[in-house]
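A.B. asks: Using only what follows, build the 3D model:
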Amino acid sequence: MKPRYSRLLSTLVRLAYFSALALAISMDPANAQNPDCRTPDHTALSTAFPQNAHVTVNINSNTGQFTQADFDCMKAAFENWNTANNANSSHVTFTVNFSPTVLVTTDSTGHVTSASSGNVYQVNRDTTAINSIGVGVTGGQGTNSGRTNAFTNIHPNVTACDALTQTMAHQVCTARIPYRLGQS
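C.D. replies: Below is the predicted model:
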């Protein structure tokens, strides 16, 4: 009787975790039209791509990473940003690719170890640098002139299309990747 109770408890715990995760994602649907996204804070320029930057994004298609369907869901977040470009005044544009070519690599703590030249952004399915309740994390490198590269790691348990779109939109917007308004 105990093994059956243990399996039931384990199933209920998993159900509660994923329900809380879905609720947390749905409570703050960040997207490019969100007023908070258009007015990020004006802190370090090194955490934002320069105004008018053209950024090449790669969503990882390697085995164990994202599927074509996942890519389509996440690409929508970048398309929303590009559509809102006049409203957000950044004029940062994203060209999104689905490829096994990795543009930015990190170590086990989330620090960038290598990156392709130019404004590049890598999206992976990985738990590196994600805290115990997080669904995604973004980092990268920059100079006093602006960000030069970025990466986002999305937790492997984030699989629903809406969750992928919202997580990606949140990472693009509220992680302060795009150009900071008021800076030049």
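A.B. asks: Enumerate every residue touching V112.
C.D. replies: Applying C-beta atoms under 8 Å, 6 or more residues apart in numbering to V112 gives the contacts V104, T105, T106, G139, G140, Q141, N149, F151. Quick note: C-beta positions are derived from backbone N, CA and C, even for glycine.
A.B. asks: same question, D126
C.D. replies: Contacts for D126 were tallied using C-beta under 8 Å, 6+ apart; they are N153, I154, P156.
A.B. asks: With P156 instead?
C.D. replies: By C-beta under 8 Å, 6+ apart, the contact set of P156 is R125, D126, T127.
A.B. asks: Go again with 6 Å.
C.D. replies: Shown in contact with P156 (C-beta atoms under 6 Å, 6 or more residues apart in numbering): R125.
A.B. asks: Use 45 as the first number from now on
C.D. replies: All set: I'll call the first residue 45, so the last point we hit is now P200.
A.B. asks: Three-state assignment for it, please.
C.D. replies: When classified by DSSP: H, G, I helix; E, B strand; the rest coil, P200 comes out as coil.
A.B. asks: got the phi/psi numbers for it?
C.D. replies: With angles defined as degrees, to the nearest 10, P200 sits at phi -60, psi -20.
A.B. asks: Look at it and report its pLDDT.
C.D. replies: In the predicted model, P200 carries a pLDDT score of 94.
A.B. asks: Against T127, how distant is it?
C.D. replies: P200 sits 29 Å away from T127, going by C-beta to C-beta, to the nearest Å.
A.B. asks: Please produce a ChimeraX select command covering the buried subset of the contacts of V156.
C.D. replies: A single ChimeraX command selects the buried members of the contacts of V156 (16 or more other C-beta atoms under 10 Å):
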select :148,150,183,184,193,195
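A.B. asks: Out of the contacts of V156, which sit inside strands?
C.D. replies: With DSSP state E as the criterion, strands contain V148, T149, T150, G183, G184, Q185, N193, F195 from among the contacts of V156.
A.B. asks: Could I get the full set of helices for the protein?
C.D. replies: Listed in chain order, the helices found in the chain under DSSP state H are 46-71, 79-82, 112-127, 129-132, 205-217.
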